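Undergrad: Sequence plus predicted model, see below.
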Amino acid sequence: MPVYSIRGINVEFPFEAYPCQITYMDRVIQSLQNKCHALLESPTGTGKTLCLLCATIAWRNSLGSFSTRGSAEQGGGFPTIVYASRTHSQLRQVIKELKRCIYRPKMLVLGSREQLCVNEEVNSLRGKALINACQYLCQKRGNRQCNHFNRVPDYLKNNPDIGDEPVDIEDLVNIGKDSGPCPYYITREVHKDADILFAPYNYLISNAYSKYLKVDWSNSVLIFDEAHNLESLCSDSASFDLPSVLLSACISEAQECVELASARRVSLNDESTNPENFSILKGLLRKLQELISEVPIPKKDEGFTKPGPYIYEMLESLNITHETAPKLIGTVEEAAVLLDEEKQRTVTNAGSKLGIIADMFKLIFRENGSNYADVYRVHVQELEQNSTDVIKGNVSRTLSWWCFNPGITMQAIAKKGVGSIILTSGTLSSMDSLAQELKLEFPVRLKNPHVISSNQLWAGVVSTGPSGRDLNSCYSNRDVPEYKQELGNVIVEFSRVVPDGLLVFFPSYFLMDRCITFWKDGNSMTIWERICELKKPVIEPKDSSLFPAAMQDFSEKLQDRSISGAVFFAVCRGKVSEGLDFADSAGRAVVITGLPYARVTDPKVKLKREFLDEQSQLAHVKFPRSTLLSGSMWYGQEAAQAVNQAIGRVIRHRHDYGAIIFCDERFVRPSQRSKISVWIQPYVKCYSRFGEVISDLDRFFRTERSNIPARIVTEQENNIGNSYVKDVGVVRNELSRLEAFPPGPSESGGNNVKWKGVTILQRKGKMPRIVKGEARSSRKNRLVELSDEKTQVEKRCEVVDLDCEKETFTSSNRMGLIKKRKVPESQGSASLSKEEGGDNKQASASAFLGQVKEKLNGEEYNKFVGYVQGLKKKELKLANVMPSIVQLLCGTERDHLLMGFKDFVPVKYRLAYEQCIKMRKREA
């Protein structure tokens, strides 16, 4: 197994790492060593999860022994790592990656009772009903007890090594089955001593869950994987919605509690519960219902909106204040327990609703909660009345208290003394906006390239359909019959050309349903029938409970060899677009039919935009307005984020290939293309004629199918467990990046590293110097030390073969990237003059890069570097990336950059470059 020394930390990696993987691990370790936060974007298929685990655990291992039983000394006082992802299915994949690592820290995966309960008497319950039923059975009163809970102490005594090897939720459940110990309470005990915990997001961002974590937060490491939607999840966790139907159910439950408490007093002489308290609760809830129903709503579609502090005014009129709220919350929780006990006695599965009311009051009256009220909005929305409301004459409304500052949640986490918070995903753009939303500083940032070659991806914007009609799914056009007809014919042609699995994403369920219904209509052969002749269709269901069946249906239809595959019609922001793997034949192409803007009249969207505009107006005194997130910027970025998530379903590993097709003319605009994931942008080609699209796509798939075998074992898969060392050539490529590794301490203890007869001399501030002729190292796990001094582009990197009569020298190309070649001894004088010429050219290129870095922000500069590297490696064509480079170099006080870059453009492209500048300036 290879070992990489990164910033003085020896990282054992299961495979030969790609350059982008080493860069990623470097940034992780930089964040951990400096105790700062990081935003790390790396496309799906680049081994992000494995890199994150190896780098983080290697860093933790460098501090001291793990807490496993086999350790020489039990770990203690060291930082705990908490690895969070959105769902347990995603965590299952993470733990699979952990099993591939050589490291074995003590670990545990956390889950709720719903995932872990094995007591068949209660595990069919959900939510608060299951919690209360579990607690009731574990209190050891009466004849009904949980035998699984009672077996936990003995099991932990006899099995202290649980967690020393990676275990998943399913493994824990299997331990508890057949009258074994309770998996849930095993995790409650073992997690206190774990080195690394795996948990869903809500264990970190929800107070209801985080209070159960017995973790020393001081200097701990929090990792949020798949963090592209983290800001919205943080806002939702700090908000609530109270619909009339729920409030009515709570009033009924309060009345039921009055009756139960009164009956117990009479029959059992039980005075532990006071029916008068429940009667008061019922009266308060009824008054709250009346208060909501009396709120004036002039326009039904706009609702009623007030600033956040208004919630305290509403509740104060009911005598619910910070002083009285604790007693009220206690009464509500007592009522919920009473109801659940009764339902246990009568074997009723329905859970109580009163627990939701308790959570609502806890949120409003949390410690220092009123200090944050200004970032909230109170909203009352009138809903369509159901039949019961109509009969009773009730008004159906929802009271909402929406948080528009997700930073409240993240700042509360950071204040616990956390060492590093690492946010990572395949799509984190725009990082500046995300950092502003979360109100944290993220000094370490990375936007990684992909590991694939340029010929493995086809990306294009399709502006028109087969008949020449424009493709544009804007609000005014999306329901026009001619547009739906044209889009349907486009899907038919793509179904004909794209092999195997085709994914088609719509902006909304509404639009998808309208289009499919339209395609099914017609007297002659319909569009839908033509699609079905080519590929078997599957439609993403709105009901999440039906989704597993839809996925199974898609898988089975892909296996049907009587037809050329299957097509999955799905929705941006839906389940298909989030975190699912459509590798290889499951997803050969993804079609984006439009921009998934949120409904502009949606009250929550409207208020969020207004809130951001207000914040930017207040803050622009301190910061340039262009750097602040406005409402319209957020609105556009939300749509772009949804698009990037959807197109991430294809290209899932190093040897995968596929096509990304944007079927909306708005993607032609540079401003819109700039929001596409950075690694895709250079490959996007805009087409004006549909025939060219089909021709190029057909050629792409024919070429790729002939080049790539049906089943290929990747280099990383093939080298599991093998002992080898990183190739020096890869070291040079990585270290010659325009942004080399920042400084870090070295543990090597010497100044050189030996490898296959080559000694790599470490020189401060320079590239490693390679000296040939040393004996090969006999170490199984050989080490290559990466330069940890940030290398300036203008510093020349000489590689001299001291044992050969021929001299190796480096000549600089125009953009400062290094190429190495051998020079015969007879050409020594000539080589010197060429070397001097190379120095002059490199000095010019270095000076220009310094100007670029001065004028561009960090994100823009990284894009520019990526384009330059792609051009030098011949992975990109100048004609394709020229518009993107021009867009980067345009702007206030940047004209000299446009002219300066022209000096490095080959003569045959200069006219095109000048025309590109003119077009960009006209657009601006």
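TA: On my side now, so go ahead. None of the values given here were measured: they were computed from a predicted structure.
Undergrad: center of the protein - which residue?
TA: In the chain, the centroid-proximal residue (C-alpha atoms, centre = their mean) is Glu226; its distance is 2.4 Å.
Undergrad: What are the phi and psi values at that residue?
TA: The phi/psi pair for Glu226 (degrees, to the nearest 10) reads phi 50, psi 50.
Undergrad: Surely it and Ser425 touch.
TA: Yes: in this structure Glu226 lies within contact range of Ser425 using C-beta atoms under 8 Å: 5.4 Å. Heads up, the C-betas are built off the backbone N, CA and C, glycines and all.
Undergrad: about what we covered before: what distance do you get for the residue nearest to the centre of the chain to Tyr83?
TA: Noted for Glu226: a distance of 11 Å to Tyr83, by C-beta to C-beta, to the nearest Å.
Undergrad: can you give me the end-to-end distance of stretch 232-246?
TA: One end of stretch 232-246 sits 24 Å from the other (C-alpha to C-alpha, to the nearest Å).
Undergrad: and that stretch, what's its mean pLDDT?
TA: On average, the pLDDT along stretch 232-246 is 92.
Undergrad: what's the answer for stretch 376-395, then?
TA: For stretch 376-395, the mean pLDDT works out to 73.
Undergrad: what's the offset of stretch 560-580 from the middle of its chain?
TA: Relative to its chain's centre, stretch 560-580 lies at 20 Å (C-alpha atoms, centre = their mean, to the nearest Å).
Undergrad: can you start the count at 209 instead of 1 from here on
TA: Yes, from this point I'll number from 209; that puts the last item at stretch 768-788.
Undergrad: Just the CA trace of it, in CSV.
TA: Provided in CSV are the C-alpha atoms of stretch 768-788 (Å, rounded to 0.1, in the frame of the first residue of the first chain):
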residue,chain,number,x,y,z
ASP,A,768,-34.0,-5.9,-21.1
ARG,A,769,-32.0,-6.5,-24.3
SER,A,770,-35.0,-6.4,-26.6
ILE,A,771,-34.8,-2.7,-26.6
SER,A,772,-31.9,-0.1,-26.5
GLY,A,773,-32.2,0.8,-22.9
ALA,A,774,-34.4,2.9,-20.6
VAL,A,775,-35.2,6.6,-20.1
PHE,A,776,-35.8,8.0,-16.6
PHE,A,777,-38.0,11.2,-16.6
ALA,A,778,-37.1,13.0,-13.4
VAL,A,779,-37.1,16.4,-11.7
CYS,A,780,-34.3,18.7,-10.6
ARG,A,781,-34.1,18.7,-6.8
GLY,A,782,-36.0,15.4,-6.8
LYS,A,783,-34.6,12.1,-5.5
VAL,A,784,-33.1,11.0,-8.8
SER,A,785,-30.9,14.2,-8.9
GLU,A,786,-29.6,13.8,-5.3
GLY,A,787,-26.8,11.4,-4.5
LEU,A,788,-27.8,8.5,-6.7
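Undergrad: tell me which residues in it are buried?
TA: Neighbour counts over stretch 768-788 (16 or more other C-beta atoms under 10 Å) mark 772-788 as buried.
Undergrad: SS state for Ala667?
TA: Secondary structure for Ala667, judged by DSSP: H, G, I helix; E, B strand; the rest coil, is strand.
Undergrad: Ok, Ile230 next?
TA: helix.
Undergrad: gap between it and Phe221?
TA: For Ile230, the distance to Phe221 (C-beta to C-beta) stands at 9 Å.
Undergrad: Now list whatever residues contact both of those two.
TA: Tyr212 (C-beta atoms under 8 Å, 6 or more residues apart in numbering).
Undergrad: For His530, which residues are in contact?
TA: Applying C-beta under 8 Å, 6+ apart, the residues contacting His530 are 573, 578.
Undergrad: Tell me where the stretch 809-958 of the chain has helices.
TA: 811-827, 839-855, 878-881, 898-915, 923-926, 936-943 (DSSP state H, counting those that start in this stretch).
Undergrad: Report the buried residues of the first one.
TA: Okay, so that is helix 811-827. 811-817, 819-821, 823-824.
Undergrad: what's the spacing between that helix and its chain's center?
TA: Chain-centre distance of helix 811-827: 24 Å, with C-alpha atoms, centre = their mean.
Undergrad: which residues touch the residue nearest to the centre of the chain?
TA: Applying C-beta under 8 Å, 6+ apart, we find Glu434 in contact with 293-294, 298, 633, 787.
Undergrad: Now distance to Gln463 too, for those residues, in TSV please.
TA: Compiled in TSV, the contacts of Glu434 are given as follows (distance: C-beta to C-beta, whole Å):
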residue	distance to Gln463
Ser293	42
Arg294	39
Gln298	43
Ser633	48
Gly787	44
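Undergrad: By average pLDDT, which secondary structure element in the protein comes out worst?
TA: Every helix and strand of the chain was ranked by mean pLDDT, DSSP states H and E. The lowest is helix 936-943, at a mean of 30.
Undergrad: which one of the contacts of Glu434 is nearest Gly709?
TA: Nearest to Gly709 among those is Gly787, at 16.9 Å by C-beta to C-beta.
Undergrad: rewinding a little: top of the contacts of Glu434 by number of neighbours, please.
TA: For those, the largest neighbour count, defined by other C-beta atoms under 10 Å, is 26 neighbours, found at Ser633.
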